[in-house]
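Asker: Show me the folded form of this:
(2 chains)
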Amino acid sequence: MTDPAHDPAPTTTPPSAAWVPPMEFAAEAAQPLALAEEQALLSAGALVPAATEPDASEDDPTQPAPTLPAQGRAVRWLVGSVVALLLLGVGLDTADTLARAFAASAALGILVALLLTGAGLALVALLVGEWRALRRLRAIETLRRDAERLTLGQRHGTAGSFAGALTALYTPRPELQGALTRLRDHVTDAHDDGEIVRLLDQELLTPIDRMAHQRVLLAARDTAVTTALSPSALLDLTVVLWRNLKLVREIAALYGAQPGYIGSVRLLRRMLANLAVAGLTESAHHLAVEALGGTIVAAISTRMGQGVINGLLTARVGLTAMHLCRPIAFGPDNRPSLTRIRKEVLTLPQQLL
Amino acid sequence: MRFSDLTGVFDVGTLLETNVRLGVTGLRRAGKTVFVTALVDNLLKAGRLPFLDVVSSGRFQASRLRPQPDPDVPRFDVEGHLSALTGAAPGSEPRWPDTTKGIGQLRVSIRYQPGSALLRTVQPVATLNLDIVDYPGEWLLDLPLLRLSFAEWSGLTLELANQAPRDGLSALWRHWLADIDPAAPAEEMAARQGAALYTDYLHACRRADTLLSLIQPGRFVEPGDMKDAPLLTFCPLSGGPGGRGSLWELMESRYEAYKTNVVRRFFTDHFARLDRQIVLIDVLGALNAGPFGMADMKRALELSLEPFRHGASGWFDWLFGSKIDRVLFAATKADHIAAHQHAHLRGLLDQLVGNARSAIRFDGAAVETMAIAAVKCTESVTTEHEGRQLRCVRGTPVGRDRPTVLFPGEIPDNADAFPPGREHPYNFLPFRPPADLGRDPRGLPHIRLDQALQFLLGDYLE
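Answerer: Numbers count the residues shown, from 1 in each chain, chains lettered A, B, ... in the order given. Below you'll find the model as predicted:
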């Protein structure tokens, strides 16, 4: 999927091409090689890479949609028809209201018509916003695939568009200006694609990782404390859900995804799937320690124990969000770990008591 | 002893300092001096080391030059070389520093914060004393002599000298050999004449147009402080051992003395104390020299790898054994080719190091290869030639005033570097150091110097 426009010269001489003996040229005839790359880094022009992959469908392409069984299809039809009916009813009602308002007086009619237009425009604006947010989210996924390809490719001079897209994502952020300047300092025309991706990773994304980690810690403490102190289970649930959703949005925004509501729900949904798997695979060690910690604390106070467990759950949601939103996947060395957060959350009971 | 003396001995600061000795070597013209100069300059300024973990994670505090630990080893004159490189002296142009002869040493102390939280509570700031030991690569090639007797060595050397392209260079010396009778009574004049002819032959091997790498014994071309000593007045002989008082016996005793007093002393005084080693290799120079240069370099590299095979091979263990656990083979002057060729250059070096490397991986040190440039003096550009985009380098060649754009030939990927039917496929030119080197506060520009440092010292700086 390399775009030939970004690849001015093939990196290896094709065997068919005529062999060129060593020679010298006039100094004026040459173009700087790193043109595309450096320009992209310096200007940070286009907002996001034009989603280079037209086939990026709504659902994750790596997980083919399972064929629905007959019963599932029936449920879908049921829900669809009910929603359609409701929409139809609301539409008819609105038209009726409009007609009656005009029948009563022209002024009332105009008022209702204006309100209706306002509502319609707001709806459209909302939808457009959501659509954009979704596109941005997908752009991040594309970036991640690009990063992987560049790292494995061992080529030179094709990382320009990737670097440009990634820096463009973070150029408007005042807190990252220092990192961007450092990055421009460090990149030279001698770096190959993999090295540029590594540089972007450590100079640009590591500070963001730190911020995200801080947010996760905060959210874990929040949920732990509220669960420990709240009087009813229902309130617990609401608070935990709301806080988790907020955390996911915060983290996504940090990495430049800024998801809308639909986007966050989608993220949360994918995360739930990930969590279920992560809970089993991440490491038996974590689970054991968590369970142990949980029981000890629960012996002191059931509510406190629940708080700690909820806090850890939130932390894990946050870490999964980091994994999903990062434009360059974590490597084995910089993978965020639950250990630190767990320590922090486990000290909460002492802080509270 | 008074109490104040005791606190001096048990100074907390020095107690917690770590020492590491980094050996820098390479045959002549490989760029040792420039490498050490650029390394020290970049460590002191730390502005261009994004791939050195301690710097990129913000744990690096400062580094400075300190007095070296061994008073009997000459100091590496980093200030002098740096001022030559940057043209700092008034009225002087930037130029490559003079080559150093013999061994040199320099200590750079690096202050940093330890990476792990546990270590930080014990020791908020740690210090690493990096002792850089710079010695000629010819001395490294001497180490394999320790296991060769005079007769064996003579046989191997003569066999090599009879092959192309060495046969032409060694003609005078071999002519002398044919006339002489090793069993005849020893005469000092004959020994001197033979050694002089043999030394001339070795010097001829190192000249730029042939650039052969396998030079033994190394002190003949890099005598250091032993010029004209009887230790260096011998040469390989043909034929068999002679009786007492024969020329053969004289040469043999001098060869053994050379092994004991020069090679073994270098081993115990310097080599055995090294922790890490970087071997600089001028692969581009060998490519310029042609297929013979490459083949000779491969043989020399395989020989120079032998001392790092501690563990299984055994013959090194009886002398205390070396403790080097990481060796980096670096193809220098990577800025003489366009950047997309670096991977191919590294591939070529991998082929050269080849089999020996996997053996070492198995039973000794960790070995890595890289294409680096200690000082980057060119930039990669593209130009059009007969409808094709060619990637070239732009810089000012040594001896010229105006920059030029050079297409030096392309190193093939994973293929024979010298395809049949092509005369002189490569033309790598030496370039002058850029004019504005001294004004950059970030340190000398380089290619992958930081990654080399990360491999060599990364674990010490954690």
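Asker: now the chain, which segments are flagged as low pLDDT?
Answerer: Unless you meant another one, I'm taking chain A. Along chain A, the parts satisfying pLDDT under 70 run over A:1-18, A:32-69, A:259-260, A:262-263, A:270-303, A:348-353.
Asker: hmm, I had chain B in mind actually
Answerer: Across chain B (using pLDDT under 70), the flagged ranges come out as B:1-15, B:208-210, B:309-322, B:359-364, B:414-415.
Asker: can you map out the strands along it?
Answerer: In chain B, the strands defined using DSSP state E lie at B:17-26, B:60-66, B:104-112, B:126-134, B:276-281, B:326-331, B:366-371, B:379-385, B:388-395, B:404-407.
Asker: Mind putting these into CSV with mean neighbour count?
Answerer: All C-beta atoms are positioned from the backbone trio N, CA, C, and that covers glycine. Shown next, in CSV, are the strands of chain B (neighbours: other CB atoms under 10 Å in any protein chain shown):
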stretch, mean neighbour count
strand B:17-26, 20
strand B:60-66, 15
strand B:104-112, 20
strand B:126-134, 21
strand B:276-281, 25
strand B:326-331, 24
strand B:366-371, 20
strand B:379-385, 20
strand B:388-395, 21
strand B:404-407, 21
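Asker: These: which one's closest to B:Leu345?
Answerer: With CB to CB, the closest approach to B:Leu345 among the strands of chain B belongs to strand B:366-371: 4.4 Å.
Asker: longest helix in chain A, by residue count?
Answerer: For chain A, the longest helix by residue count, based on DSSP state H, is helix A:106-153.
Asker: related to what we said a few turns ago, just send the strands of chain B back as JSON lines, with distance to B:Gln193 too.
Answerer: Shown next, in JSON lines, are the strands of chain B (distance: least, CB to CB, whole Å):
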{"stretch": "strand B:17-26", "distance to B:Gln193": "32"}
{"stretch": "strand B:60-66", "distance to B:Gln193": "46"}
{"stretch": "strand B:104-112", "distance to B:Gln193": "33"}
{"stretch": "strand B:126-134", "distance to B:Gln193": "34"}
{"stretch": "strand B:276-281", "distance to B:Gln193": "34"}
{"stretch": "strand B:326-331", "distance to B:Gln193": "38"}
{"stretch": "strand B:366-371", "distance to B:Gln193": "42"}
{"stretch": "strand B:379-385", "distance to B:Gln193": "52"}
{"stretch": "strand B:388-395", "distance to B:Gln193": "45"}
{"stretch": "strand B:404-407", "distance to B:Gln193": "45"}
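Asker: would you list those strands in TSV and tack on distance to chain A?
Answerer: TSV is the format used below for the strands of chain B (distance: least, CB to the nearest CB, whole Å):
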stretch	distance to chain A
strand B:17-26	20
strand B:60-66	14
strand B:104-112	17
strand B:126-134	20
strand B:276-281	17
strand B:326-331	13
strand B:366-371	9
strand B:379-385	4
strand B:388-395	4
strand B:404-407	4
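Asker: for these, which one sits closest to B:Ser154?
Answerer: Per CB to CB, nearest to B:Ser154 of the strands of chain B: strand B:17-26, 26.1 Å.
Asker: which residues touch the nearest residue to B:Arg448 once chain neighbours are set aside?
Answerer: Nearest residue to B:Arg448, sequence neighbours excluded (CB to CB, 6 or more residues apart in numbering or on different chains): B:Ile372, at 4.4 Å. Taking CB atoms under 8 Å, 6 or more residues apart in numbering or on different chains, we find B:Ile372 in contact with B:330-332, B:334, B:446-449, B:451-452.
Asker: ok, the residues you listed vs chain A, which is closest?
Answerer: Of all those, B:Ile447 has the smallest distance to chain A: 4.4 Å, by CB to the nearest CB.
Asker: B:Thr332 is in contact with the closest one, correct?
Answerer: No - taking contacts as CB atoms under 8 Å, B:Ile447 lies outside contact range of B:Thr332: 9.7 Å.
Asker: which residues are in contact with both of the two?
Answerer: B:372-373.
Asker: Format the contacts of B:Ile372 as a markdown table; extra columns: distance to B:His342.
Answerer: Shown next, in a markdown table, are the contacts of B:Ile372 (distance: CB to CB, whole Å):
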| residue | distance to B:His342 |
| --- | --- |
| B:Ala330 | 12 |
| B:Ala331 | 9 |
| B:Thr332 | 12 |
| B:Ala334 | 6 |
| B:His446 | 13 |
| B:Ile447 | 8 |
| B:Arg448 | 8 |
| B:Leu449 | 13 |
| B:Gln451 | 11 |
| B:Ala452 | 13 |
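Asker: By neighbour count, which of those wins?
Answerer: Per-residue neighbour counts (other CB atoms under 10 Å in any protein chain shown) across the contacts of B:Ile372 peak at B:Ala330, which has 30 neighbours.
Asker: Beta-bridge partners for that residue, please?
Answerer: Beta bridges link B:Ala330 to B:Leu280, B:Met370, judged by DSSP bridges.
Asker: need the contact list for it.
Answerer: Counted by CB under 8 Å, 6+ apart, B:Ala330 has contacts B:278-281, B:369-372, B:452.
Asker: same check, this time on B:Gln216
Answerer: Residues near B:Gln216 by CB under 8 Å, 6+ apart: B:138, B:141-142, B:145, B:153, B:157.
Asker: just those residues now: which is nearest B:Thr86?
Answerer: B:Glu138 (29.0 Å).
Asker: Quick one: neighbours of that closest one, just the number.
Answerer: Neighbour tally, B:Glu138, other CB under 10 Å: 25.
Asker: ok, now how distant is the closest residue to it other than its chain neighbours from B:Arg29?
Answerer: Excluding the flanking residues, the one nearest B:Glu138 by CB to CB, 6+ apart is B:Gly218, at 2.8 Å. For B:Gly218, the distance to B:Arg29 equals 15 Å [CB to CB, to the nearest Å].
Asker: And these two? Which one has more around it.
Answerer: B:Gly218 (24 against 16).
Asker: quick one: secondary structure of the residue of the stretch 101-250 of chain A found nearest chain B?
Answerer: The stretch 101-250 of chain A approaches chain B most closely through A:His156 (3.7 Å), counting by CB to the nearest CB. Three-state assignment for A:His156 (DSSP: H, G, I helix; E, B strand; the rest coil): coil.
Asker: for the closest residue to it other than its chain neighbours, what are its contacts?
Answerer: Once flanking residues are discounted, A:His156 sits nearest to B:His340: 3.7 Å by CB to CB, 6+ apart. By CB under 8 Å, 6+ apart, the contact set of B:His340 is A:11, A:155-157, A:192, B:380, B:391.
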